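Undergrad: Can you look at this prediction? I've put the sequence above it.
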Amino acid sequence: MRKSSPSARRPRSAFRRLAEALALLIAVTASALLWTSPAQAHGTVVDPATRAYHCWEEWGDDHLNPAMEQEDPMCWQAWRANPNTMWNWMSMLQDGLGGQFEARIPNGKLCSNNHPNFESLNNPGPWKTTDVGDNFSIHLYDQASHGADFFRVYVSKQGFDPKTQSLGWGDLDFITETGSYPPANDITFPVQTSGYSGHHIVFTIWQASHLDQAYLMCSDVNFG
């Protein structure tokens, strides 16, 4: 049998070393992605459902159904304006507001948190509502367990019409501010109100604990 010379074996050995290096690089990259992926996830109020979360929950698996245009026209217009409104329901955040919510988020932009991907959420119209009583609970689902420095909850004033008006700071009644919450996937806290009836917006500010990240969210409710 003919033996290979050292010079003939060298390219094969170099190739093997290259393959091993590439395999290691792929493994390290995959591990890094697995490690960092939770940090890319965020959250939202799921009950009463925010506008973006409702659209994803109701139509995420059925977004090509033409019935959405007639059955849920506000989700339809949001989907047509930017599909990310539905797919990225957990990412409606602003960095570095420093608690200056009213100064930094303009009137008419509250429901989008002044975020361009969610601009359609500011549009007035027949948004689907969640039925609530005077006393109800807010449930936050947080994929990455950021925790909360606090939550602030407001309700649109009696007489404000979400079907015809975009929300501004002067349209809100302050209801409550909570204390801090430790990291968890699910945070639920009670809200007590009185004197409201019909379609209102529950406006929630979630100040996350891990960074200066603020989530400003609109949930449409019907006070029975």
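TA: Great, that's in hand. Residues are numbered from 1 along each chain as shown.

Undergrad: C-alpha from now on. contacts and neighbour counts both.
TA: Will do.

Undergrad: And what about the residue nearest to the spatial centre of the chain, helix, strand or coil?
TA: Centroid-nearest residue in the chain, with C-alpha atoms, centre = their mean: residue 90, separated by 2.3 Å. Of the three states, residue 90 takes coil under DSSP: H, G, I helix; E, B strand; the rest coil.

Undergrad: again with residue 170
TA: Quick answer, by three-state DSSP: residue 170 is helix.

Undergrad: quick one: contacts for it?
TA: Going by C-alpha atoms under 8 Å, 6 or more residues apart in numbering, residue 170 touches no other residue.

Undergrad: how about 10 Å then?
TA: Residue 170 makes contact with 102, 107, 156-157 under the criterion C-alpha atoms under 10 Å, 6 or more residues apart in numbering.

Undergrad: Any of those residues buried? List them.
TA: The neighbour-count criterion (16 or more other C-alpha atoms under 10 Å) marks 107, 156-157 among the contacts of residue 170 as buried.

Undergrad: Looking at those residues, which is nearest residue 125?
TA: Using C-alpha to C-alpha, residue 156 comes nearest to residue 125 of these, at 14.8 Å.

Undergrad: which non-adjacent residue is nearest that closest one?
TA: The shortest distance from residue 156 to any non-neighbouring residue, by C-alpha to C-alpha, 6 or more residues apart in numbering, is to residue 172 (4.4 Å).

Undergrad: any idea of the pLDDT on that neighbour?
TA: Note on residue 172: pLDDT of 98.

Undergrad: Domain-wise, how is this structure divided?
TA: Structural domains assigned to the chain are 1-40, 42-223, following automatic domain parsing.

Undergrad: Compare those and say which comes out lowest on pLDDT.
TA: Among the domains of the chain, domain 1-40 carries the lowest mean pLDDT (a mean of 36).

Undergrad: re the thing from before, looking at the contacts of residue 170, which one is closest to residue 81?
TA: residue 107 (20.4 Å).

Undergrad: Quickly note the distance from the closest one to residue 120.
TA: Distance of residue 107 to residue 120, computed by C-alpha to C-alpha, to the nearest Å: 14 Å.

Undergrad: quick one on the thing from earlier: who's in contact with the residue nearest to residue 156?
TA: 153-158, 160, 201-203.

Undergrad: hang on, the earlier thing: next, the residue nearest to the centre of the chain: phi, psi?
TA: phi -90, psi 0 (degrees, to the nearest 10).

Undergrad: Next one: it relative to residue 171, how far apart?
TA: Residue 90 sits at a distance of 25 Å from residue 171 (criterion: C-alpha to C-alpha).

Undergrad: So which of the contacts of residue 172 is surrounded by the most neighbours?
TA: residue 201 (25 neighbours; other C-alpha atoms under 10 Å).

Undergrad: quick one, what contacts that one?
TA: Contacts of residue 201 by C-alpha under 10 Å, 6+ apart are 50, 111, 127, 129, 154-157, 160-162, 167, 171-172, 217-222.

Undergrad: again, only this time at 7 Å
TA: Residues in contact with residue 201 (C-alpha atoms under 7 Å, 6 or more residues apart in numbering) are 155-156, 218-221.
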